[in-house]
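Asker: using only what follows, build the 3D model:
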Amino acid sequence: MSTTEIIKEIQTLPVESRWTIIEQTLRSIKEAGNQNLLQEAAESLYHDYRNDKELTAFTNLDLEGFYEAR
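Answerer: Numbering: from 1, shown residues only. Model (predicted):
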């Protein structure tokens, strides 16, 4: 289905349904944008985390239990 066909189909819907489509579309665009930003950030830091052992020193403790002192 082409963009023009989709728009024509949307125009036949009641206004409330059109608002729902707009809201859901904007939400999906925002989520996709956030995911891309996170992916780019992770990729930009990958080299540092692979080569700088100080950045990952505490990961050795990941499997140990955590006990809160009170």
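Asker: show me what contacts Glu9?
Answerer: Going by CB atoms under 8 Å, 6 or more residues apart in numbering, Glu9 touches Met1. No exception for glycine: its C-beta is placed from N, CA and C like everyone else's.
Asker: next SSE after the one helix or strand it maps to?
Answerer: Assessed by DSSP states H and E, Glu9 sits inside helix 3-11. Later in the chain than helix 3-11, the nearest helix or strand by DSSP H and E is helix 15-51.
Asker: which strands and helices sit next to that following helix?
Answerer: Counting contacts by 3 or more CB pairs under 8 Å, 6 or more residues apart in numbering; DSSP states H and E, helix 15-51 is packed against helix 3-11.
Asker: helix, strand or coil for Tyr67?
Answerer: coil (DSSP: H, G, I helix; E, B strand; the rest coil).
Asker: how many neighbours does it have?
Answerer: Tyr67 is flanked by 6 other residues according to other CB atoms under 10 Å.
Asker: and what of Ala42?
Answerer: Ala42 has 10 neighbours, counted by other CB under 10 Å.
Asker: any idea how far it lies from Glu54?
Answerer: In this structure, Ala42 and Glu54 are 19 Å apart, going by CB to CB, to the nearest Å.
Asker: follow-up on the earlier one: report the rounded mean pLDDT for the helix holding Glu9.
Answerer: Averaging pLDDT along helix 3-11 yields 94.
Asker: got phi/psi on Asp52?
Answerer: Asp52 has phi and psi values of phi -110, psi 100 when expressed as degrees, to the nearest 10.
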